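Student: Sequence and predicted structure are below.
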Amino acid sequence: GVFGSVFVDLGDQHVVVDENGDPPMVRLVTDVEIGEDALVRVAVPDGQPPGSFPDGAYVEFADVEGCDGLLTHTEVTEAGDKVTAW
């Protein structure tokens, strides 16, 4: 098979926030509780490695229907970056 990799260094404006070089975790949302300390249950899709989110991780949601707040909530990271995530 064919394998390739590309890296583009954009100079001082290039920011890498990945701590370990692993690809981002992908999970499927199965249930969302309503409330201030709501619990979001997820499932591991086929082909994705099992594992838990590390402490302090931000979670970005996409294509979740009926929970608009999940898609628009913003946080400020320790580095001062504004992210649309929880």
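Tutor: Done, it's in.
Student: ok, which stretches of the chain are helices?
Tutor: 68-72 (DSSP state H).
Student: Name the helix or strand of it that has the lowest mean pLDDT.
Tutor: helix 68-72 (a mean of 75; mean pLDDT, DSSP states H and E).
Student: And that helix, what does it pack against?
Tutor: Applying 3 or more C-beta pairs under 8 Å, 6 or more residues apart in numbering; DSSP states H and E, one finds that helix 68-72 contacts no other helix or strand. Every C-beta, even on glycine, is put in place using the N, C-alpha and C of the backbone.
Student: export that helix as CSV, just CAs?
Tutor: Backbone C-alpha positions of helix 68-72 (Å, rounded to 0.1, in the frame of the first residue of the first chain) are rendered in CSV as follows:
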residue,chain,number,x,y,z
ASP,A,68,-27.6,23.4,20.5
GLY,A,69,-25.7,24.5,23.6
LEU,A,70,-23.2,21.7,23.0
LEU,A,71,-22.3,23.2,19.6
THR,A,72,-22.0,26.8,20.6
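Student: and it, which residues are buried?
Tutor: For helix 68-72, a neighbour-count test (16 or more other C-beta atoms under 10 Å) marks residue 70 as buried.
Student: Also stretch 21-28?
Tutor: 25, 27.
Student: Stretch 75-85 too?
Tutor: In stretch 75-85, counting by 16+ other C-beta under 10 Å, buried: nothing.
Student: Start and end of it, how far apart?
Tutor: Terminal residues of stretch 75-85 lie 6 Å apart, using C-alpha to C-alpha, to the nearest Å.
Student: distance between it and the chain's centre?
Tutor: Counting by C-alpha atoms, centre = their mean, to the nearest Å, stretch 75-85 is centred 12 Å from the centre of its parent chain.
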